[in-house]
Each structure stands twice: as C-alpha cells, then as structure tokens.
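Any chance you can model this:
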Amino acid sequence: MTQKRKFNLALSSLLLLALLLAFVLPFAFQSEAYAAPPVVPDKDTWVNTYSGSYYNNLNTNLTGTAFRSELANLITTTHTHQTSYSELTEVFKKSDADPNKNGNIIWFYTGTSVSFSKFGSSVGSTNREHVWAKNGGDTFPEKSQTGSDAHHLRPTEMQLNGIRSNYGFDEVSQTTQNIAREAGKSDYGTFPDGLCYLSGNFFYPAKGYRGATARILFYVQTRWGNQYNLDFIDGATSNNGKNIGKISTLMKWHLEEPPTDQEIRRNNVVASIQGNRNPFIDHPEYAEVIYCNNGESYSNTLKNVVAQYGSYLNDQPTPPVDDTPSALTLSVPSLDLKVGDVSQQIAVTATPSSASNEVTWSTSNAQVAAVNNGVVTAVGAGTATITATSTKNSNVKASLTVTVTAQSVTPDPPDLPVDDTPTSLTLSVTSLDLKVGNSSQQILVTATPSSASNEVTWSTSNAQVAAVSNGVVTAVGAGTATITATSTKNSNVKASLTVTVTAQSVTPDPPAPTDTTAFKAAVGNIANTTVLSDRYNAIKAAIDEYLKLDDAAKATVTQEYEVLQAAVTVYNAYISQYNEDFTSATQLTSQAVALGISTVLLAIFVIVTKRLGR
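Numbering: from 1, shown residues only. This is a model prediction of the structure:
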C-alpha cells in the first residue's frame, strides 16, 4: 500500500471517529430522564404521621365556612415569606429534589426525574406550573402572591404544561389518542395509569399525582380564595379560571390517594422557607370538614363521594345523602327574543335548598329556539317551550315559554340621483413657460360648486408645440399652444391655459487641443543634424509644426518651444558670423585682384585664418 493511500485511510478513520463522538458523546454524558412516580399509600392502611403543634389553636368543632375561615387565617398569618417567581429555581431544587439522584428534580403530574439547573422554554425543559391555572394573569397575579406560592406552583415539563393549559381536572378516557405528550414522548410512563391524558375540557394526571393535585387546589382556595374570589365548581373551569373543577372528582382523588412521602417531604421543605404549611397534607380530613359542609351546591355531591370512597375522619362510610329535589324553579318564567338573539344563562333553584340543581335542558321546537346549559338562542319566529329536567328524578321539571319574532329591518333609503355638473372650472395654473422636452407638474382642476365633478378631458390647440395627458403638459417644439380642460358632464364648461415653449439653449463643447506629437518629433530632429542646410530645414519644419498648434496645445509644449527658440538663436548667430566673415573675404579679394592673387584662394585663406585665430 502506498504512503498516500495509508494517509487517506487514516484520515477517513479519524473523520468517522469524530462523527461518532459528535453523535454519541452528548447522549453518553447527558443526565438521562427516568420515571420516578411516588408510591401511593393504601387508603385502608394509611396512617397520618404528622405530630406538630402548628394546628393546636384551631377550633376543630367548627365545620364548613367557619372552619375554613380559621384555617385560612392560620396559613395566611404564618405565611411570613412570600417566595418570588425567580426564587422558585432554588426552592424547587430542595422541595422537588429526587432523593435517589443528586442534581435531579421530579416533574409534577408524571414523576419523571430530570437534571435541573434553571427554567427553559423549549420542549423537554422545566417550567413553573400553576396548578390552579392563572389564565394569563386574569385569575390572579401570575408571578407573585398566588402566582409564586411554592405550596401552589410545581415543576413540570414545558410541553405537558402547555397541553394542560387552563383546563380543569377530571377523569377522561385513557386512550392513546388522549395521551398528553411530555418532552415529545407518549411513553414516559406505564400505560395506562402512568401517563397523563387530555380530552374535552379536562386534564387527567398520572397516578400518584391525582390526590396531590386536589390537595394543592384545596390549599390555594383556602389561602387565596377570599382575596381573588377563587372557588370550586362541579364542572368545567369557568369565570376566567376563578371557578375550577371538577370538585367531585378532586375529592375522589383526594380520598383514593392519601398524601405520599414525596408530598409530606415537600410540605416540610416549603414550610421551612415560607413559614406556612399545606394543611390538607397534614390533615386530609380538613377537606371533608370544609367542602362537604359549606352550603355550596356541590356539598351534598361531595358527601356522597366521601360515603363511597371512605372518610379520613373515621374511615367509616357515611350514609349517602338524598339530594333529589322535590321541585325546580327557573330564574325567568318566559323570554321574548328576536331571531339571532341569545339570552342570559337561566339559573335553576332546587327545593329543598340542599337538593341538587343539576338538570338537562331541552326545547320543544329547535326551529324556534335552541338551549345549551341554560342559554337560549332564538333561531326562527314562533313559540317554543324550554324545559329543565332534574338529573336525579326525570319527573321533576321546570319550564318557560320563549316567543321569538323576526328582526325588524329598516330598508335603506333609495339612492337619489345627484346633479354634479359644474358651473365653472378653474385650473391650478393660468400659463406655463417650458423648454422643448420638459414636462409640467400635473395641472389640478377645481370645480364650482365644490360638490360638482372635476372630471375633464384634456386637449391642445397645437400638438406640434405642446401635448397634454391627464393634466401633464409636455413641450414638443418651440411656439405657443392653448391647453383646454373640458368637463365630462357639460362640454360647454371649460378652462384653458397658455403654454409658451422655447428651444433648449445649447452650449457647444470646447474643441479638443491640437495633437502635439508632430511638433515634439520635429524639435527632436534638430539636434540630430550636423550639416548647416539640414539644420536649417529641421528648424523650419519645427516652426511649421508649431504654427499649426492652437493655444491650448501650445500651452502644453512650453519646454519643446524653449528648445526650438535656443536652436534658432544658435543658428542665427552662426549665420551672422558667417556673413561677417564672407564680407571680409570679399574686401580682400578686391585687393588680391590688384595684386594678381586668385580671388577664391584668398577668400579661403582669409576665412581659414580668421577661424584659426579664434
């Protein structure tokens, strides 16, 4: 195997190892979540182990609202430290810590144990669950008081928290379609009781957290109920979350699932921080003492729940209460509605007052009036009977008559024709002065009266001078033209302006400087001549080229011009001396003739003699 092949093989192996580490290491070192649901005590063998003195001054002979008032006063006055919303990060690390794994906390509703350092907002992260839904802050302050009470808020997974939303609590069908996902999974617990479910208006926690949910809500209603008008309802949550349900199911869960070791441990931790306790964990019987005897419409229903599932007071079944009404009364005897109207909710009062007022609603004619949960909707003109029938005894009923009439319709008045013909038109300008090729701003037309139409057609008296389109004039050629706007409503109503068009003034570009190449070459040739006649011709050629140049070009060849001037000066000096020597030679020649000497020889002699004498 060649060295290069070995190197490529080694490099490929390293890349493969890097990819494996990139995918495997994050999972290998991640603190893996695991199910850690609480152990639910057996109700028949459960024993209350609380032995503190926190409740010693309560009058336990009281029941209903009187006992609730005493209990509310106790857990309010001892609530000496109100945890802040941000402080819950450190509180949860203690109150919801997993005793079997350091650094982990246990998510409420499911019992999933996860590593925790701070809250997050993505799927799989931990956030703060308001067990009594805050409803966006409409129910109570979402981040203070009720909204940050550590006995109330619990850590949950973000996705599950969002699924629970503002729904109340009840038992729903435990089907795969109804499973509420946690951290993107639907198998975080054992099917069916180890999972949470959502259907309709109700959320169903996993086993082990149903009784705990009820006891948190009992605490919230007792501690904060008077301040924020919080109460229970034996149905879906209503009134912007201030009425939460379903109270009969919550009482059932409370009785079926006694406080777990997890709950008791958490109650002690939060009490050490806030100063107050959740009394329904220490004394589960207080829920029965208050809510079965507070005179609310659900009280007798709760007594029957206690009778069926056993009391914390004495663990002896109590006889069921007969809450069958002998009569029902509706809040209104009749209704007069227009088609499409919706009534206020009709209230039902049962006789005796301790009887159930739960009813089913029906209508004698759904084409006239429909009814849903006591709210009547007018469908069509006519008369219908709305009946409320007791759910305890179908023979006990109450009815009202609904008369529906058609909505009165007032027809719109017919549109009357409007005369918007103008009496005159005015243009925004009376004249224009333009250069050929220019265009004006759009000319505006004002009609009189102001309610009249200002729609016009435009025309020009001379399209060779000015064109017009939609009130914009374009100058075509020099001259004068009249632009006219004519009303589209009356062709006799017009307005005009005069356009004067002049030619655009043109400033010619300055000529380019003459080419100086030939002149520069001619100046350069002067120095290359040795014969006098050649130098003369070279100087003359340079002068001829210089005379061809314009002033702009001459300004660029001042150096060459100085060279030319110097050459001319030298040449003239030479010629002048030559002429002087020639004159002297001529004079000698005259004398030589007289002496009989050759004229030519003598002239040459003279010239040579003068040259040698310099």
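
now A447: how far from K94?
Distance of A447 to K94, given as C-beta to C-beta, to the nearest Å: 82 Å. C-beta: built from backbone N, CA, C; applies to glycine.

burial count for the closest residue to G184 other than its chain neighbours?
In space, G184 comes closest to V123 once its chain neighbours are excluded; the distance is 5.4 Å by C-beta to C-beta, 6 or more residues apart in numbering. Residues near V123, counting by other C-beta atoms under 10 Å, number 15.

and S272, that one's in a helix?
Yes - looking at S272 with DSSP: H, G, I helix; E, B strand; the rest coil, it is inside a helix.

Now do it, the pLDDT please.
Note on S272: pLDDT of 97.

Domains in the chain, by residue range?
When the chain is parsed with automatic domain parsing, its domains come out as 1-28, 60-309, 327-405, 424-502, 517-606.

what's the closest of the ones you listed to V40?
Of all those, it is domain 60-309 that lies closest to V40, at 5.1 Å by C-beta to C-beta.

Do I have it right that the residue nearest to G184 meets G162?
No - counting by C-beta atoms under 8 Å, V123 sits too far from G162 to count as a contact (9.1 Å).

quick revisit: what distance do you get for the residue nearest to G184 to R181?
With distances taken as C-beta to C-beta, V123 is found 9 Å from R181.

if I look at the two, which residues touch both of them?
Residues within reach of V123 and of R181 at once, by C-beta atoms under 8 Å, 6 or more residues apart in numbering, are Q159.

which residue is nearest the middle of the chain?
Centroid check for the chain by C-alpha atoms, centre = their mean gives S121 as the closest residue, at 16.1 Å.

Quickly find the element holding it.
Assigned by DSSP states H and E, S121 belongs to no helix or strand.

For the stretch 451-600 of the chain, which residues score under the pLDDT cut-off?
The stretch 451-600 of the chain contains residues with pLDDT under 70 at 506-511, 579, 581-600.

mind listing the strands for it?
For the stretch 451-600 of the chain, the strands defined by DSSP state E, counting those that start in this stretch occupy 456-460, 466-469, 472-475, 479-487, 494-502.

Just the buried positions in the fourth one, please.
What it means is strand 479-487. 479, 481, 483-487 (16 or more other C-beta atoms under 10 Å).

packing partners for it?
The contact analysis (3 or more C-beta pairs under 8 Å, 6 or more residues apart in numbering; DSSP states H and E) places strand 479-487 against strand 424-427, strand 456-460, strand 466-469, strand 494-502.

Make JSON lines out of those strands and add distance to K303.
Formatted as JSON lines, the helices and strands packed on strand 479-487 follow (distance: least, C-beta to C-beta, whole Å):
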{"stretch": "strand 424-427", "distance to K303": "90"}
{"stretch": "strand 456-460", "distance to K303": "88"}
{"stretch": "strand 466-469", "distance to K303": "90"}
{"stretch": "strand 494-502", "distance to K303": "93"}
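
Out of those, which is closest to T363?
Of the helices and strands packed on strand 479-487, nearest to T363 by C-beta to C-beta is strand 456-460, at 64.5 Å.

and for the closest one, what are the contacting residues?
425, 445, 466-471, 473, 481-488.

same thing with stretch 291-304?
63-65, 68, 218, 231-234, 247-248, 251, 288, 306, 318, 320-321, 323, 354-357.

switch the cut-off to 7 Å
Applying C-beta atoms under 7 Å, 6 or more residues apart in numbering, the contact partners of stretch 291-304 are 63-65, 68, 232, 234, 247-248, 251, 306, 318, 320-321, 323, 354, 356-357.

wait, what's in contact with I346?
I346 is in contact with 330-332, 374, counting by C-beta under 7 Å, 6+ apart.

Chain neighbours aside, what residue packs nearest to it?
Per C-beta to C-beta, 6+ apart, closest to I346 is G374, 4.3 Å.

Which residues are in contact with that neighbour?
Listed by C-beta under 7 Å, 6+ apart, the contact set of G374 reads 345-346, 361.

hmm, 8 Å instead?
Going by C-beta under 8 Å, 6+ apart, the list of residues near G374 reads 345-348, 361, 388.

where in this structure is pLDDT low?
1-32, 315-320, 412, 415-416, 506-511, 579, 581-614.

isn't there a helix covering L337?
No - in this structure, L337 is strand, not part of a helix, as judged by three-state DSSP.

Quick check: it vs V404, distance?
In terms of C-beta to C-beta, L337 sits 5 Å off from V404.

Compare the two and say which is more crowded by neighbours.
V404 (24 against 18).

hang on, isn't the residue nearest to the centre of the chain packed against M158?
Yes - counting by C-beta under 8 Å, S121 touches M158, with 6.4 Å between them.

anything in contact with each of those two?
N127.

before we move on, back to that, neighbour count for A447 and K94, which is higher?
The residue with more neighbours, out of A447 and K94, is A447; 22 against 15, by other C-beta under 10 Å.

Go ahead and confirm the more buried one touches L427.
No - contact criterion C-beta under 8 Å: A447 and L427 do not qualify, at 11.1 Å.

In contact with the residue nearest to the centre of the chain, which residues?
By C-beta under 8 Å, 6+ apart, S121 lies in contact with 127, 158.
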